[in-house]
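Chemist: return atomic coordinates for the entry below.
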Amino acid sequence: MARRALTAVLLLAFVSAASAAGPGRDGPFLLLSGQFLDFNRDLNRNLTLWHFEKAFYVPRLERGGAWSVGYGRKSYNGSWDISFLRLRRTVALENGSRAATYEALDLNGRSFFLKKLPLRPYFLGGITLPFLRVKGGSFYRGKTLNASYVGAGLQAGAGLHLDLGPSVFLNAAVTYRWIGFLYAFGEGKGRDINDLRTEPMGPEFGRLLRTDVLTLTLGVGFIL
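Modeler: Residues are numbered from 1 along each chain as shown. Okay, the predicted model is just below:
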């Protein structure tokens, strides 16, 4: 319900502002965004993976808001940007509540339609390089250690671009991200997640740590 209401508000804001929008300049820009992230699969449940006596606790990340900042370039046909995203949450693990931080470096490309209008729909595609850190998220021989997970992913979506004037624009988009985490670190040598085990001496996990993320984004850009 909250997501539907937020989507309706964003669409209403775009439509109401379109009549007052002027032509926008092309060129490099700074992009500031707020994002609502909804995690699924392995990041929507508590999971423990093992390397002999070392445990890696994979947290359940609650849906919520994040921020991002990026730099890119806008042209007649579309735009691209490189953005840094950050989300911080308190998560419940087997060894108590811990702070978890999800960060990602995103490379996004957009292709505009109805290019002569100030309000332009677009398709979005890109790659994401995520980094998940969990304070106290690993355990080894009586010691609580920090854990981190690194990976890569793809993203695709659609949105609207609105020029508010020569040097300011808005972006709103719905994006789907698919992410696979490749390695786990617990203040030591990184471990291939495929080789970790579901129990201390149990069967191998045998696959990447996976999540897909549905993202609702609202951003404001400033042509430099």
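Chemist: pretty sure Gly190 is touching Gly151, no?
Modeler: No. Using CB atoms under 8 Å, Gly190 is not in contact with Gly151, being 11.7 Å away. C-beta here means a position set from N, CA and C on the backbone, and glycine is covered the same way.
Chemist: who has more neighbours, these two?
Modeler: Gly151 (21 against 13; other CB atoms under 10 Å).
Chemist: can you classify that one as helix, strand or coil?
Modeler: Assigned with DSSP: H, G, I helix; E, B strand; the rest coil, Gly151 falls in the strand class.
Chemist: now for the closest residue to it other than its chain neighbours, how many residues are close by?
Modeler: With CB to CB, 6 or more residues apart in numbering as the criterion, Gly151 has its nearest non-adjacent residue at 3.6 Å, and that residue is Phe181. When neighbours are counted by other CB under 10 Å, Phe181 registers 22.
Chemist: ditto for the one 10 residues further on
Modeler: Residues near Arg191, counting by other CB under 10 Å, number 17.
Chemist: please read off the pLDDT at it from the model.
Modeler: We note a pLDDT of 91 for Arg191 in this prediction.
Chemist: next one: Thr7
Modeler: Confidence at Thr7, expressed as pLDDT, is 55.
Chemist: just Phe139 next, same as before
Modeler: Residue-level pLDDT assigned to Phe139 equals 88.
Chemist: for it, which residues are in contact?
Modeler: Shown in contact with Phe139 (CB atoms under 8 Å, 6 or more residues apart in numbering): Lys54, Ala55, Tyr57, Asn95, Leu145.
Chemist: ok, and for the helix or strand hosting it, which residues are buried?
Modeler: Assigned by DSSP states H and E, Phe139 belongs to strand 119-140. Using 16 or more other CB atoms under 10 Å as the test for burial, strand 119-140 gives 119-120, 122, 124, 126, 128, 130, 132-140.
Chemist: and what of stretch 181-196?
Modeler: Applying 16+ other CB under 10 Å to stretch 181-196 flags Phe181, Tyr183, Ala184, Phe185, Gly186, Arg191, Ile193, Leu196 as buried.
Chemist: pretty sure the fourth one sits against Ala147.
Modeler: Yes. Between Phe185 and Ala147 a contact is recorded at 6.8 Å, counting by CB under 8 Å.
Chemist: now do the contacts for Arg88.
Modeler: So Arg88 contacts Ala99, Ala100, Thr101, Tyr102 (CB under 8 Å, 6+ apart).
Chemist: and the helix or strand it falls within, C-alpha only, in CSV?
Modeler: Assessed by DSSP H and E, Arg88 sits inside strand 78-93. In CSV, the C-alpha atoms belonging to strand 78-93 read as follows (Å, rounded to 0.1, in the frame of the first residue of the first chain):
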residue,chain,number,x,y,z
GLY,A,78,19.7,9.5,-23.2
SER,A,79,22.1,9.7,-20.3
TRP,A,80,24.5,7.6,-18.2
ASP,A,81,25.8,7.9,-14.7
ILE,A,82,28.0,6.2,-12.1
SER,A,83,26.4,6.3,-8.7
PHE,A,84,27.3,5.2,-5.2
LEU,A,85,24.4,3.8,-3.1
ARG,A,86,24.3,3.3,0.7
LEU,A,87,21.7,1.6,3.0
ARG,A,88,22.2,1.0,6.7
ARG,A,89,20.1,-1.4,8.8
THR,A,90,20.0,-3.0,12.2
VAL,A,91,19.6,-6.8,11.7
ALA,A,92,18.9,-9.7,14.0
LEU,A,93,21.5,-12.5,13.9
